[in-house]
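Undergrad: 3D model of this:
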Amino acid sequence: MNYTPFVLACLFLVGCNSLKQEVDPRGLSNEPEKIVVACFISPQDTVLAARIGRSSTILGPDNRAVPDIPNAIVTMSDGTRSVVLKKAIDEVLGYTYYRAKPEQLPVIVGKTYTLMVSVPNGQTIDASCTVPGPVAIESIRLDSNLTQLYSFVRMEYYARLRWRDSAGQANYYRVAGQNEYSYRAQVRTTPNGPLRDSLVQVRGNWSFNTSPLLTDIGRDGEEFVSPQGRLANTTPRSNGGASSIDRPRGYISAYLLNVDESYYHYHDEVARQSKVRNNPFAEPVLIQTNVRGGLGCFGAYNKSTLVIQLK
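TA: Okay, here's the model as predicted:
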């Protein structure tokens with residue numbers, strides 16, 4: 001009888017068990033809860049909005065189910081004017097945030113803004129950011145590729161943006177986009193009316209297989225071509241539901257965000273951390289913060305838009 005596989009399996013289990021270590025709770029950091037900020041401003045804002053929450057401590061209860069702070073005082077200032085953001089409830093997701101009209105504190109290129117937060121227990125934090133200028137999109141390049149999803153064969157459509165980097169300064173970018181697409185569905189024109197075959201027109205966001213964040217470090221003043229963004233389209237179904245139309249039709253909106261450094265690092269690190277958080281063997285990703293006395297990010301960006309129509 002060959003015992004080699006059994007012996008190897010035992011050695012593997014012993015080796016894994018040797019990696020296990022008991023940790024004395026007294027050796028863990030007893031860091032208190034901190035205020036967490038997520039706030040991003042731009043000249044194109046239709047609302048000034050900030051979300052304020054609390055961090056979870058290592059040894060304390062997990063409060064991710066109710067992270068929001070509902071009784072904070074949130075103030076934003078440009079050094080001359082200031083506005084207090086009022087509490088609001090998101091109608092769709094139900095979370096608490098703080099908002100003000102952009103007319104109360106216009107977001108202007110080159111200006112530095114400060115966000116200040118205080119809570120009833122006496123904690124206060126602040127963060128600052130400077131608004132970058134816009135960088136124009138020069139063109140959109142569309143492409144397609146035939147793909148197979150289970151038993152369905154369909155055409156996928158993609159877009160890339162092209163632009164010229166602003167020379168003489170560090171720039172950080174994010175690309176995004178939306179497009180219209182159609183599908184046929186059975187809908188009722190009245191609550192109790194008959195089902196009718198209708199063409200439904202909706203909008204969806206582009207998706208990216210690689211990071212949509214870029215930097216001009218080592219490429220100052222060069223021409224940039226973005227990662228490939230897959231246009232939103234209908235997913236075919238086998239049960240007679242939605243069916244894919246030949247190609248997206250209607251408006252395609254491409255967005256190029258010129259973001260500040262804090263925005264870039266925060267979103268890049270959050271995206272990388274989310275990919276490895278369930279992997280016990282992955283190296284943890286440290287998420288930077290520009291919030292003094294707290295966590296999170298107060299960042300700024302400037303959005304350029306290019307719209308084309310597919311008929």
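
Undergrad: tell me the mean pLDDT for stretch 287-299?
TA: Averaged across stretch 287-299, the pLDDT comes to 95.

Undergrad: Return the set of buried residues in that stretch.
TA: 287, 289-291, 294-299 (16 or more other CB atoms under 10 Å). Where you see a C-beta, it was placed from the backbone N, CA and C, and this is true even at glycine.

Undergrad: ok, so of those residues, who is nearest R160?
TA: Within these, proximity to R160 (CB to CB) peaks at G299, which comes in at 24.9 Å.

Undergrad: beta partners for the closest one?
TA: F40 (DSSP bridges).

Undergrad: any idea where the helices of the stretch 151-300 of the chain begin and end?
TA: Along the stretch 151-300 of the chain, counting by DSSP state H, counting those that start in this stretch, helices occupy 261-276.

Undergrad: what stretches of this protein score poorly on pLDDT?
TA: Applying pLDDT under 70 to the chain flags residues 1-31, 57-66, 149, 234-247.

Undergrad: per the record, what domains does this structure have?
TA: Taking automatic domain parsing as the reference, the chain has its domains at 32-132+261-300, 139-259.

Undergrad: mind checking which of those domains is nearest L310?
TA: Evaluated over those, closeness to L310 peaks at domain 139-259, with 5.3 Å, by CB to CB.

Undergrad: Pull up the distance across the closest one, start to finish.
TA: One end of domain 139-259 to the other measures 20 Å (CA to CA, to the nearest Å).

Undergrad: ok, now stretch 114-131?
TA: End-to-end distance for stretch 114-131: 11 Å, by CA to CA.

Undergrad: before we move on, what about stretch 110-126?
TA: Note: stretch 110-126 ends 19 Å apart using CA to CA.

Undergrad: Check which residues of it are buried.
TA: So for stretch 110-126, counting by 16+ other CB under 10 Å, buried means 113, 115-117, 119, 123, 125-126.

Undergrad: What of stretch 45-57?
TA: Buried positions in stretch 45-57, judged by neighbour count with 16+ other CB under 10 Å: 45, 48-55, 57.

Undergrad: One more: stretch 279-289?
TA: For stretch 279-289, using 16+ other CB under 10 Å, the buried residues are 287, 289.

Undergrad: so how far is it from its chain's centroid?
TA: 17 Å (CA atoms, centre = their mean, to the nearest Å).

Undergrad: Restrict that stretch to CA atoms and write it as PDB.
TA: Output of stretch 279-289 as PDB, limited to C-alpha atoms (Å, rounded to 0.1, in the frame of the first residue of the first chain):
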ATOM      1  CA  ASN A 279      -8.500  36.600   1.100                       C
ATOM      2  CA  PRO A 280      -6.600  35.700   4.400                       C
ATOM      3  CA  PHE A 281      -3.300  35.400   2.500                       C
ATOM      4  CA  ALA A 282      -3.500  38.800   0.800                       C
ATOM      5  CA  GLU A 283      -1.400  41.700   2.000                       C
ATOM      6  CA  PRO A 284      -3.700  44.300   3.600                       C
ATOM      7  CA  VAL A 285      -4.100  47.600   1.800                       C
ATOM      8  CA  LEU A 286      -3.500  50.800   3.900                       C
ATOM      9  CA  ILE A 287      -6.200  53.400   3.000                       C
ATOM     10  CA  GLN A 288      -4.700  56.900   3.300                       C
ATOM     11  CA  THR A 289      -6.700  59.700   4.800                       C
END
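
Undergrad: Can you tell me what sits against that stretch?
TA: If you take CB atoms under 8 Å, 6 or more residues apart in numbering as the criterion, stretch 279-289 is touched by 262, 265-266, 269-270, 272-273, 276, 295-297.

Undergrad: can you list the residues you listed in a markdown table and add distance to L310?
TA: Below are the contacts of stretch 279-289 laid out as a markdown table (distance: CB to CB, whole Å):
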| residue | distance to L310 |
| --- | --- |
| S262 | 36 |
| H265 | 36 |
| Y266 | 34 |
| E269 | 36 |
| V270 | 33 |
| R272 | 34 |
| Q273 | 36 |
| V276 | 37 |
| L295 | 43 |
| G296 | 39 |
| C297 | 36 |
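
Undergrad: and the nearest residue to C129 once chain neighbours are set aside, how many neighbours does it have?
TA: Excluding the flanking residues, the one nearest C129 by CB to CB, 6 or more residues apart in numbering is A300, at 4.4 Å. The local packing of A300 (other CB atoms under 10 Å) involves 24 other residues.
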